[in-house]
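Colleague: Have a look at this prediction, sequence included:
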Amino acid sequence: MVFLIDISNLDSHLFEMLSQTSDNLYIYMADLERDFSRWSKSSVDYFNLPGEYIADTANEWVKHIHPQDQHIFLEDIGRIFAGKSNRHNCEYRALNKYGKYVWVKCQGVVERHEDGSLGLFVGTMMNLGVNAKFDQPTGLYTFHELKKQLPVFINQGMEGAILLFDVDRLQRINDLLGYMVGDEVLQLLGQKCHELVGVTFYRGQGGKFYCITTDLDRDKIEWIYQQVKRFGEEVPREMKLEIQLTISCGVAFFPQDAEDFETLHANVEYALEQAKKDGRGCIAQFSGKMHRRTVEQFQLQEVLREAIANEFRGFSLVYQPLIRGEKQQVYGAETLMRFYLPDGSMVSPMEFIPILEEDGTIREVGEWLLNAALAQAALWRKENPDFVISVNVSYIQMLQPGFREMVTRILEESQTPAQSLILELTESCKVSDPNRLQDDFEYFKNLGIKMALDDFGTEYSSIALLRKLKPQLIKIDHTFVRSIQDDEMDQAILEYIMNLSKQTKIQVCVEGVENAEILAVVQSYQPELLQGYYYSKPCPAAEFYEKYFDR
């Protein structure tokens, strides 16, 4: 329950009274205009908060959220700050004073001023660790009941399997049809699962449902998945929705794959992730290879954290030139990050960047990268005042509180002209809420920073993002260009993109120019910028200087 009350001063007697109504319900309220909040004494005590009154609320509270769940909170609260919603409703894990993460259900409403600006925000958090056994909307057991029951099965020496189902692209449904429709979809799906005879289901976070079975027959497991998949097809029809609902599923066996809940849960999550990588709407079984991969990622995570704590030891930057298409002169450089283990071996960015994003340390590393890149560019601009530096940023980075302020501050401290910086949004296919980024893109463009979409042409969402975000630069992915010499379809698509960019006054940079033959084909379309091994591989600053300045 959420209470709308007048707290023009946060020392409300009513707040004190409401704070004492429940042992597992924590009340908070915030003046979003001043970014100042008050928390109930029970929440201050239980979550070990710095005090009853807190400034810089979002940045302070996100420290208490599990790194893997921070994006849940940030995306939901981001919709409020972007003016897309006035309600806050999500579940995540928060760290309590005992050093344990507990699930909480966080709900709230915002009251806006007449001009639409943010005013009062009031909400509650329910500690789900002391919640009922059943999820009220669906009738299913809760996730917390799963955490109690599964170890019992394992300790009794029983064999079985845990299945984890997830509604694919649930955020897309919420964005298009609203959260109430999304909740109704999950409620109806959960009710159908509850009616499946001989199988016990549990409600998880978001669009996730769990199932435990002691029948190890692979056909039975496949049958369960097919039933849930069928339910996913029935729900939109019964609700008269013109959407396609697909269900992905991960499977892990006990005790073969793990003998404790946390490991087994991690393993079935990895299996689900593999199912989504396989194309969504399918089922994947956990394997030893996934387990080894999990261990390797954990070890790498520890190495990365140690490197960050030691002044980013092991991290380095390399630069790849951006070439003017017509004049074949250096326009600037893209900054790329590298990481080397203590033994000198290099770790692929495809491996370490997702880990940084998952545990939240991408914020620190991203700030270090921007500082270092702008410092280097300042030296090069002494010889070429028009030199432009490009820095990659991910969707997750841009969602983090204070990202705008961080970029603005570093620009000012480095005395870098805003027009000398390009921010490239990488892996744009992962953007689940383009509305959240729209304001950020406009903010940076108004500062004079050039905003770019990387990997353009590789995902179905590219055109949609182009319309929504209105970047000033798009970069054609190198995988798209690789077959440009012989593939007439790729040539036609490139021509279409070039014509579109000219009509909309968007610059185009074609990546993947590997040789003179590709260059000849690409240049016929007259892109503004070119990039690729034909000119140079990414190289350290000293080598870049020798190639393009020391002449």
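Modeller: Nice, thanks for sending it over. Residues are numbered from 1 along each chain as shown.

Colleague: going forward, measure contacts between C-alpha atoms and count neighbours the same way
Modeller: Will do.

Colleague: ok, and what's touching stretch 67-76?
Modeller: With C-alpha atoms under 8 Å, 6 or more residues apart in numbering as the test, stretch 67-76 has contacts from 62, 88-93, 358-360, 396, 399-401, 436.

Colleague: Repeat the analysis, applying 6 Å as the threshold.
Modeller: Stretch 67-76 has contacts (C-alpha atoms under 6 Å, 6 or more residues apart in numbering) with 92, 358-360.

Colleague: okay if I get these as a markdown table plus distance to residue 509?
Modeller: Compiled in a markdown table, the contacts of stretch 67-76 are given as follows (distance: C-alpha to C-alpha, whole Å):
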| residue | distance to residue 509 |
| --- | --- |
| 92 | 40 |
| 358 | 29 |
| 359 | 32 |
| 360 | 30 |
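
Colleague: Specify which member of those is nearest to residue 210.
Modeller: residue 92 (16.8 Å; C-alpha to C-alpha).

Colleague: check which helix or strand covers that closest one.
Modeller: Taking DSSP states H and E as the definition, residue 92 sits inside strand 87-95.

Colleague: Mind giving me the packing neighbours of that strand?
Modeller: Packed against strand 87-95 by the contact rule (3 or more C-alpha pairs under 6 Å, 6 or more residues apart in numbering; DSSP states H and E) you find strand 101-112.

Colleague: Check which helices and strands the strand it packs on sits against.
Modeller: Applying 3+ C-alpha pairs under 6 Å, 6+ apart, one finds that strand 101-112 contacts strand 87-95, strand 118-127.

Colleague: ranking those by burial, who's on top?
Modeller: Burial of the helices and strands packed on strand 101-112 is given as mean neighbour count (mean count of other C-alpha atoms under 10 Å); strand 118-127 ranks first at a mean of 21.

Colleague: Run through who's touching that strand.
Modeller: Counting by C-alpha under 6 Å, 6+ apart, 2, 24-33, 104-113 sit against strand 118-127.

Colleague: What pairs with it, parallel or antiparallel?
Modeller: Sheet pairing for strand 118-127, assigned by DSSP bridges, gives strand 25-31 (antiparallel), strand 101-112 (antiparallel).

Colleague: Cross-check the contact I'm expecting between residue 356 and residue 362.
Modeller: Yes. Residue 356 lies in contact with residue 362 (C-alpha atoms under 6 Å); the separation is 4.7 Å.

Colleague: how about the closest residue to residue 274 other than its chain neighbours, secondary structure?
Modeller: Computed as C-alpha to C-alpha, 6 or more residues apart in numbering, the closest residue to residue 274 that is not its neighbour in sequence is residue 284, at 6.4 Å. Secondary structure for residue 284, judged by DSSP: H, G, I helix; E, B strand; the rest coil, is strand.

Colleague: Also residue 157?
Modeller: coil.

Colleague: how far away is it from residue 260?
Modeller: Distance of residue 157 to residue 260, computed by C-alpha to C-alpha, to the nearest Å: 12 Å.

Colleague: Next: residue 187.
Modeller: Residue 187 is 30 Å from residue 260, where distance means C-alpha to C-alpha.

Colleague: Those two: which has the busier surroundings?
Modeller: Under the criterion of other C-alpha atoms under 10 Å, the comparison of residue 187 against residue 260 puts residue 187 first, with 21 against 14.

Colleague: my guess is the more buried one meets residue 135, correct?
Modeller: No. At 9.7 Å, residue 187 does not count as touching residue 135 under the criterion of C-alpha under 6 Å.

Colleague: hang on, the earlier thing: does the residue nearest to residue 274 have beta-bridge partners, and which?
Modeller: The partner residues for residue 284, given DSSP bridges, come to residue 250.

Colleague: number of nearby residues for it?
Modeller: As a burial measure, residue 284 scores 21 neighbours (other C-alpha under 10 Å).

Colleague: list the contacts for it?
Modeller: 250, 271, 275.

Colleague: Also residue 167?
Modeller: Contact analysis of residue 167 by C-alpha under 6 Å, 6+ apart lists 207, 247.

Colleague: Could you report the separation of it from residue 518?
Modeller: Distance from residue 167 to residue 518, by C-alpha to C-alpha: 42 Å.

Colleague: Burial check on the residue nearest to residue 478 when sequence neighbours are not counted, number of neighbours?
Modeller: Excluding the flanking residues, the one nearest residue 478 by C-alpha to C-alpha, 6+ apart is residue 512, at 4.0 Å. Using other C-alpha under 10 Å, residue 512 has 20 other residues around it.

Colleague: Was I right to think residue 512 contacts residue 532?
Modeller: Yes. Counting by C-alpha under 6 Å, residue 532 is a contact partner of residue 512 at 4.7 Å.

Colleague: residue ranges with poor pLDDT in the chain?
Modeller: Scanning the chain for pLDDT under 70 picks out 1-23, 129-132, 136, 428-433, 457-462, 551.

Colleague: what helix or strand is the residue nearest the centre of it on?
Modeller: Taking C-alpha atoms, centre = their mean, the centroid of the chain lies closest to residue 396, which sits 4.2 Å from it. Here residue 396, judged by DSSP H and E, is contained in helix 395-399.

Colleague: got the contact list for that helix?
Modeller: Around helix 395-399, nothing counts as a contact under C-alpha under 6 Å, 6+ apart.

Colleague: so what's residue 407 up against?
Modeller: Residue 407 makes no contacts at all, as judged by C-alpha under 6 Å, 6+ apart.

Colleague: repeat that with 10 Å
Modeller: By C-alpha atoms under 10 Å, 6 or more residues apart in numbering, residue 407 lies in contact with 366-367, 370-371, 423, 444.

Colleague: any idea which element it lies in?
Modeller: Assigned by DSSP H and E, residue 407 falls within helix 403-414.

Colleague: Just the buried positions in that helix, please.
Modeller: The neighbour-count check on helix 403-414 (16 or more other C-alpha atoms under 10 Å) flags 403, 407, 410-411 as buried.

Colleague: How about stretch 492-501?
Modeller: By neighbour count on 16+ other C-alpha under 10 Å, the buried set for stretch 492-501 is 494-495, 497-498, 501.

Colleague: Would you reformat those as CSV and include distance to residue 333 and secondary structure?
Modeller: Output for the buried residues of stretch 492-501, formatted as CSV (distance: C-alpha to C-alpha, whole Å; DSSP: H, G, I helix; E, B strand; the rest coil):
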residue, distance to residue 333, secondary structure
494, 23, helix
495, 25, helix
497, 23, helix
498, 22, helix
501, 22, helix
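
Colleague: As CSV, the residues you listed with distance to residue 507 would be great.
Modeller: Listed next are those as CSV, based on distance: C-alpha to C-alpha, whole Å:
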residue, distance to residue 507
494, 13
495, 14
497, 11
498, 9
501, 6
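
Colleague: from those residues, which is closest to residue 79?
Modeller: Scanning these for proximity to residue 79, where the rule is C-alpha to C-alpha, the winner is residue 501, at 29.7 Å.

Colleague: From residue 175, how far off is that closest one?
Modeller: According to C-alpha to C-alpha, residue 501 stands 27 Å off from residue 175.

Colleague: again with residue 151
Modeller: Note on residue 151: its distance to residue 175, by C-alpha to C-alpha, is 37 Å.

Colleague: Reformat the strands paired with strand 118-127 as a markdown table; add distance to residue 328.
Modeller: Shown next, in a markdown table, are the strands paired with strand 118-127 (distance: least, C-alpha to C-alpha, whole Å):
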| stretch | distance to residue 328 |
| --- | --- |
| strand 25-31 | 54 |
| strand 101-112 | 52 |
